[in-house]
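1. Need a 3D model of the following:
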Amino acid sequence: MSATKDKKDEYILLEGSTSTPSVSTSFSTQLESLPLEVETPNFHSWDNILQEILEVVFQKLVEYQDDSSIQTILTCRLINKHWKSIADSVMETSCLSMFNKVFEFELSSHQGAPIDKELSSFIPSLEVVPQKGYRHGTNLLEKVSCPHFLLDDVVQGSPFPSKSVIFKGDEERNGIMLPKSSFKDGYHPVSVLKLVGNIGKTLSSAVFYKVTFPSPYFAMVLLNEMTNLKALLFTQVTLLSVGEADFGKKYKLSPLPHLKILKLHLTYVVTKLRAHSGSERGVTFNNWLTESYGKTLTHLEVYEAEYFTRIPTRNNFVNLKVLTIFHACNFTIQNSETLPHLQKLSLFYLADEDGDILFEDYSNFLQNFAPTLVYLKLQLWVDDVKSEESDFSTKIVTTFPNLNEFWYPYPRSRKDVAVLRYFLERFPKLTKLNLSWGSGMGMDVVEREDFWSVCPDLQRIYVYSSSNEQEDAIVTYRKTSKTQRE
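-> Below is the predicted model:
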């Protein structure tokens with residue numbers, strides 16, 4: 001096999017050398033052993049591999065998520081245009097599917113979501129070039145370090161196989177300007193606005209990680225260039241809005257008609273540069289984004305939702321199917337409306353302390369979505385809400401007719417067991433119960449409690465060491481004549 005030497009196609013997703021890696025021997029052997037039909041003796045068998053076979057092979061390579069596999073698929077895409085088209089399609093689809101996952105958080109330290117490991121290994125990172133100046137200059141998103149082929153005024157097609165990019169800051173530089181000698185070979189600083197003006201329309205997903213937008217106008221111009229985005233993540237992002245506190249009315253974001261997934265993690269707005277009092281959580285920034293993009297979204301994930309006042313209503317999130325909220329507050333709990341298409345709801349912790357959220361409000365919030373939910377995840381204790389134990393059975397009155405999967409903390413008291421049973425009684429079609437382990441009552445609670453009689457269709461109960469859905473269960477119980485532990 002001979003790879004086409006196209007400099008624009010030599011760029012590798014992983015940071016490092018831009019030289020073309022070689023196809024692994026084992027992978028080449030597997031391809032050569034496939035039974036291929038050759039139409040004529042002169043027809044090259046490599047060009048005749050069925051598209052379906054290539055898709056399966058490339059998908060397997062993507063799933064491995066190691067350097068060798070990713071470099072192999074990047075080399076394969078250089079074989080010819082047909083292979084390139086299929087490889088790029090598989091990588092883009094796989095990349096977008098990663099955005100569907102709930103990213104892990106460092107909840108105790110409130111550091112927000114680190115970039116998902118799978119995501120960061122699959123998407124190229126363009127690091128911010130630090131600028132001298134004020135406190136926020138370190139990660140000011142004005143220039144990024146780019147490989148040489150992105151410096152062209154016109155870039156043909158998508159320069160990134162996955163059609164995705166991470167704009168990434170670095171906290172450890174402390175505002176120190178980098179000398180030219182510190183850039184990788186072939187990497188140069190380039191204006192972000194110029195770069196996105198060239199490649200913005202080729203991107204289907206983007207991540208902004210630990211960066212500072214110089215102004216609302218800058219953010220508007222940047223986002224308006226990415227007209228084909230399907231997924232967008234902001235994590236630990238700061239927006240400088242000096243003298244423009246109400247920038248949402250002044251600067252209008254153009255609709256992104258293809259945007260389906262929006263994740264907002266730890267955003268800030270800075271209205272003054274010399275005083276800490278000028279900083280606020282990203283209420284205005286979050287609302288600005290959801291006001292503009294809410295109607296096309298199917299997935300919304302908000303961390304620190306106490307600083308998010310664009311509550312879910314049937315008018316502003318008409319197509320929303322998946323809603324994940326971290327640290328919901330009374331405002332959100334009390335004012336949310338029914339979402340006609342919502343299928344998955346995850347609620348992690350409550351923002352208000354000392355039991356300020358009433359169990360009645362909490363239960364009404366959940367019951368707003370009862371008709372359509374198939375998945376419900378509640379990662380909070382009943383002690384987080386204010387109510388008398390005798391109220392529980394009367395407050396959750398609505399049946400969730402389509403719910404088949406439920407997540408809840410492992411009971412740590414008889415009160416928790418009682419509330420769990422009250423929930424289960426409202427889930428007649430539940431087939432899977434997941435309990436996330438904490439300081440529970442002991443691993444025999446499931447064996448003692450007859451949850452199976454409460455939910456006749458319940459088949460499995462899983463106990464996890466955390467709320468992470470990607471982990472394996474530490475204990476599994478299956479339905480038999482007597483509760484059986486696997």
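
2. Please report how far W437 lies from V463.
-> Distance of W437 to V463, given as Cβ to Cβ, to the nearest Å: 6 Å. All C-beta spots, glycine's among them, are computed from the backbone N, C-alpha and C.

3. Neighbour count for these two, which is higher?
-> Relative neighbour count places V463 above the other of W437 and V463, with 20 against 17, counting by other Cβ atoms under 10 Å.

4. Which helix or which strand is home to the more buried one?
-> Element membership for V463, per DSSP states H and E: strand 460-464.

5. about what we covered before: intersection of neighbour lists for W437 and V463?
-> When contacts are counted by Cβ atoms under 8 Å, 6 or more residues apart in numbering, the set common to W437 and V463 consists of Y410, I474.

6. Show me what counts as buried in the helix or strand just after the strand holding V463.
-> Remark: after strand 460-464, the chain's next helix or strand is strand 475-478, criterion DSSP H and E. Of the residues in strand 475-478, those with enough neighbours to count as buried (16 or more other Cβ atoms under 10 Å) are Y477.

7. Let me know the pLDDT of T212.
-> Per-residue confidence for T212 comes out at a pLDDT of 90.

8. Identify the bridge partners of it.
-> In this structure, T212 bridges to L140, T238 when assessed by DSSP bridges.

9. Check the contact between it and N139; I expect there is one.
-> Yes - the pair formed by T212 and N139 meets the contact definition of Cβ atoms under 8 Å, at 5.2 Å.

10. which neighbours do the two share?
-> Contact with both T212 and N139 is made by residues G169, according to Cβ under 8 Å, 6+ apart.

11. Now do Y410 against N434, distance only.
-> Per Cβ to Cβ, Y410 is found 10 Å from N434.

12. State the number of residues packed around N316.
-> As a burial measure, N316 scores 17 neighbours (other Cβ under 10 Å).

13. Same check on the one 3 residues further on?
-> Burial of N319, expressed as a neighbour count using other Cβ under 10 Å, amounts to 15.

14. same check, this time on A87
-> A87 has 25 neighbouring residues, counting by other Cβ under 10 Å.

15. so where's the stretch 201-350 of the chain shaky on pLDDT?
-> 243-245, 271-282, 306-314 (pLDDT under 70).

16. so where do the helices sit in it?
-> 216-224, 247-250, 283-293, 330-335 (DSSP state H, counting those that start in this stretch).

17. And the second one, what does it pack against?
-> If contacts are counted by 3 or more Cβ pairs under 8 Å, 6 or more residues apart in numbering; DSSP states H and E, helix 247-250 sits against helix 283-293.

18. Same question for the last one.
-> Secondary structure elements in contact with helix 330-335, counted by 3+ Cβ pairs under 8 Å, 6+ apart, are helix 359-367.

19. mind listing what's buried in the helix it packs on?
-> Using 16+ other Cβ under 10 Å as the burial criterion, the residues of helix 359-367 that qualify are F359, D361, Y362, S363, N364, F365, L366, Q367.

20. now the fourth one: how far from L126?
-> With distances defined as Cβ to Cβ, the gap from S363 to L126 amounts to 46 Å.

21. and if you look at the fifth one?
-> Applying Cβ to Cβ, one obtains 45 Å for the distance of N364 from L126.

22. Likewise for the third one?
-> Distance from Y362 to L126, counting by Cβ to Cβ: 42 Å.

23. ok, now the first one?
-> Relative to L126, F359 is positioned 47 Å away (criterion: Cβ to Cβ).

24. Pretty sure S191 sits against S145.
-> No - under the contact definition of Cβ under 8 Å, S191 does not touch S145, with a separation of 12.0 Å.

25. more crowded one of those two?
-> When neighbours are counted by other Cβ under 10 Å, S191 and S145 differ, and S145 comes out ahead with 18 against 13.

26. quick check, the more buried one in a strand?
-> Yes - read with DSSP: H, G, I helix; E, B strand; the rest coil, S145 is one of the residues of a strand.

27. Enumerate every residue touching it.
-> Taking Cβ under 8 Å, 6+ apart, we find S145 in contact with L126, E127, V128, V129, F183, K184, Y187, H188, P189, V190.

28. Look at the closest residue in space to F247 that isn't next to it in sequence and say how many residues are nearby.
-> Nearest residue to F247, sequence neighbours excluded (Cβ to Cβ, 6 or more residues apart in numbering): P216, at 3.8 Å. Burial measure for P216: 23 neighbouring residues, criterion other Cβ under 10 Å.

29. dump the residue contacts of P216.
-> L239, S241, E244, F247, K250, Y251, W288.

30. Wait, the fourth one touches N287, no?
-> Same thing as F247. No - applying Cβ under 8 Å, one finds F247 not in contact with N287, separated by 10.9 Å.
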